[in-house]
Each structure stands twice: as C-alpha cells, then as structure tokens.
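Trainee: Sequence first, then the predicted structure, then my questions.
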Amino acid sequence: MSHNASLLQHSSSVVDVSPHRMVLLLLLLLLILPLSNLVMTSSLSPVVHHSDRVSANKVCHHLEMPDGGMTVRCSGQRLTQVPVGLSNLTIHLHLDKNLLRYLPADSFSNLFLLTELDLSHNQLSLLEAGCFRGLASSLHFLDLSSNRLSTLDPAVLGDLGVLANLSHNPWHCDCKMQLSLPLLDLDPDSLAQVICQSSDIPNLGTVGIPVVLLVEDWDLCLSVRRTIDVVMLITMFLWFFMLFSYLFYYIHQNQEHARRHMEYLKSLQSRQV
C-alpha cells in the first residue's frame with residue numbers, strides 16, 4: 001500500500017510538469033507572434049525569367065550625343081521587362097508606352113551616367129526595393145506618370161532625390177506615401193494630377209485631393225502608430241494574464257500536493273497504531 005501511494009505521488013508530480021511547460025510555451029508565443037507580425041514586411045513578387053528579356057540592340061534606337069553619351073529609345077515596343085544589354089554610356093533612357101508591370105531590384109544598376117529615365121505610360125504596379133539602385137548620383141529626372149502605382153515605399157527610393165512626375169496613378173495615400181514624398185522633388189507641372197484615389201482616412205474628405213495637400217495637412221502615420229500601440233497593449237495584457245494564471249495554477253497544485261502528502265502521512269501513522 002505504501003508503494004502504491006508513492007507511485008501515485010510520483011505520477012502526479014510527472015503530470016504536473018506538462019502543464020508547466022505548456023504555460024511557458026504559451027507565454028513565449030504570445031510575446032513572439034504579435035511582434036513578428038509587426039515587423040514582417042516581405043511580400044510575394046512576380047517571378048522574373050531573365051532568359052526571356054529582349055536585347056536592347058534589337059528593339060531600341062540608339063543615338064550618340066556630342067558629349068559621347070547615348071540617348072536610348074525603346075518606346076512602344078510592347079516590352080514586359082527592361083531590355084538587357086543597355087550601354088553604360090546611356091544618358092537618356094526612354095521606356096515609355098510599353099507593358100512593364102514590375103521593376104525588380106537592380107534594373108538599372110549598370111547605368112552610372114543615366115540622367116533621365118522615362119517609364120511613363122506602362123502598367124507598373126510594383127516597384128521592388130532597390131530597383132533604382134546605382135542611379136542616386138546621376139539621375140535628375142524620373143517619369144512614372146500614367147501607370148498603375150498605388151503606393152510608394154521609401155525603401156524603393158533610397159537616396160534617389162530626383163525631380164519626379166508621379167501624375168495619373170491610382171495613389172493610395174498612407175504612411176508610406178507620406179514618408180516617401182519628402183525624398184522626391186515633384187515636378188511642379190504635375191502636382192495637380194498626383195491625386196489620392198483612396199487613403200487611410202477616407203471619411204474626412206481626403207479622397208480626390210492632391211497628394212501634397214494631404215501629406216501637409218494630415219498625419220497619415222498616426223493610425224500606424226496607434227495600431228502598434230494597441231497590439232503592444234493587448235500583448236502585455238495577455239502576457240500578464242497568462243503569468244497570473246500560471247501563478248494561480250502553481251499555488252493550487254502545491255496546495256493539492258501538500259494535502260495529499262499530509263493524508264499519506266496520516267495513513268501511515270494510523271497503520272502504525
């Protein structure tokens with residue numbers, strides 16, 4: 001009988017370990033998962049088959065300039081990707097009136113002398129971070145007008161700081177847009193056509209007004225900061241809730257073990273008598 005009671009006490013202590021570990025795992029998950037959702041910034045990008053890219057020598061017109069540079073015109077060639085083999089002497093590059101939908105990173109990284117880049121009248125909807133890498137020291141004018149761009153991430157622009165035409169795009173005015181605009185010098189002739197087609201605060205009459213007016217008068221990053229604060233508050237609340245639940249469970253289990261131990265000792269004493 002004494003052996004059976006010892007086994008019972010041992011088995012109860014073994015069972016007690018599993019909930020202890022489960023509570024600790026839950027605490028770790030509550031701390032890690034919300035934070036990982038906040039910093040997760042990766043997104044799916046279209047697959048680029050570089051073998052399908054057309055050579056610039058076949059579809060582009062090259063005009064040599066007196067200073068030794070080159071103007072390269074690839075307009076209206078129904079290109080779906082930036083052509084390969086662009087000369088590193090290119091100063092003006094015209095890729096307008098094509099079918100470009102996506103610019104991958106390092107699309108123009110070898111064009112160190114490029115001063116003007118025309119990407120207007122395409123179907124661009126996604127610019128990958130680093131797509132303009134290598135152009136910061138040379139590029140003076142960037143034309144992204146008449147595309148399908150809805151957002152502009154500061155990571156895309158880097159330290160570009162060029163005169164830009166962003167008109168005739170379905171812009172969604174959000175925190176990213178507000179952070180990106182100061183990095184560019186918007187073409188004054190195009191300002192009235194850089195319109196918010198949607199925004200993070202649509203109920204306040206912000207849709208349909210020029211982007212520059214919205215970012216000057218409203219704090220579009222306020223909702224992002226509030227969301228982060230709410231998530232952190234909920235995470236802390238859940239963490240403390242689980243901590244107090246564990247403490248309550250631990251105290252309760254210790255009391256139960258103490259009660260069983262006392263009953264076991266009383267049973268031994270009664271048998272000895």
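Mentor: Perfect, I can see it now. All figures in this text were calculated on a predicted structure; none of them were measured in a lab.
Trainee: What pLDDT is listed against Y249?
Mentor: At Y249, the model reports a pLDDT of 67.
Trainee: Measure how buried the residue nearest to D200 when sequence neighbours are not counted is and give me the count.
Mentor: Nearest non-adjacent residue to D200, counting by CB to CB, 6 or more residues apart in numbering: D174, 4.9 Å away. Where C-beta positions appear, they are placed from N, C-alpha and C, glycine not excepted. The local packing count at D174 equals 21, with neighbours defined by other CB atoms under 10 Å.
Trainee: Distance check, D174 against Y102.
Mentor: According to CB to CB, to the nearest Å, D174 stands 20 Å off from Y102.
Trainee: related to what we said a few turns ago, pLDDT wise, what is the residue nearest to D200 at?
Mentor: Listed pLDDT for D174 reads 83.
Trainee: Let me know the distance separating it from L163.
Mentor: Relative to L163, and taking CB to CB, D174 is found at 23 Å.
Trainee: now do D143
Mentor: From D143 to L163 the distance is 9 Å (CB to CB).
Trainee: can you check A136 too?
Mentor: A136 is 14 Å from L163, by CB to CB.
Trainee: out of those two, which sits in the busier spot?
Mentor: More crowded of A136 and L163, by other CB under 10 Å: L163, with 16 against 13.
Trainee: Surely the more buried one and F141 touch.
Mentor: Yes. The pair L163 / F141 is scored as a contact, 5.0 Å apart, by CB atoms under 8 Å.
Trainee: Kindly provide the distance from L166 to L222.
Mentor: For L166, the distance to L222 - CB to CB - is 23 Å.
Trainee: and those two? which has more neighbours close in?
Mentor: Neighbours per residue, other CB under 10 Å: of L166 and L222, the larger number sits with L166, 25 against 12.
Trainee: check contacts around the nearest residue to that one once chain neighbours are set aside.
Mentor: Nearest non-adjacent residue to L166, counting by CB to CB, 6+ apart: V194, 4.8 Å away. By CB atoms under 8 Å, 6 or more residues apart in numbering, the contact set of V194 is 166-167, 169, 171, 186, 210-212.
Trainee: So which of those sit within strands?
Mentor: Judged by DSSP state E, those include 171, 186 as members of strands.
Trainee: In helices only, show me the contacts of V194.
Mentor: Under the assignment DSSP state H, these contribute 211-212 to helices.
Trainee: Can you name the two of the contacts of V194 that sit furthest apart?
Mentor: Greatest spatial distance in the contacts of V194: N169 and V212, 14.0 Å, computed using CB to CB.
Trainee: which of the two has more neighbours?
Mentor: Taking other CB under 10 Å, N169 and V212 do not tie; N169 has more neighbours (23 against 13).
Trainee: So what does that one have for phi and psi?
Mentor: The phi/psi pair for N169 (degrees, to the nearest 10) reads phi -130, psi 150.
Trainee: Pull the contacting residues for the closest residue to it other than its chain neighbours.
Mentor: Spatial nearest neighbour of N169, chain neighbours left out: L149 (4.3 Å); criterion: CB to CB, 6+ apart. By CB under 8 Å, 6+ apart, L149 lies in contact with 124-125, 127, 166, 169-171.
Trainee: Surely L149 forms part of a helix?
Mentor: No. Counting by DSSP: H, G, I helix; E, B strand; the rest coil, L149 falls outside a helix, being coil.
Trainee: need the strands for the stretch 1-150 of the chain, in chain order.
Mentor: Along the stretch 1-150 of the chain, counting by DSSP state E, counting those that start in this stretch, strands occupy 61-64, 70-73, 90-94, 102-103, 116-118, 126-127, 141-143.
Trainee: Do a quick rundown of the helices in this protein.
Mentor: Counting by DSSP H, the helices of the chain are 2-39, 56-59, 154-157, 175-180, 211-217, 222-272.
Trainee: and those, which one is worst for confidence?
Mentor: Set side by side, these differ in mean pLDDT, and helix 2-39 is lowest with a mean of 47.
Trainee: Give me the neighbour count for L183.
Mentor: 16.
Trainee: With L142 as the reference, measure out to it.
Mentor: Distance from L183 to L142, by CB to CB: 12 Å.
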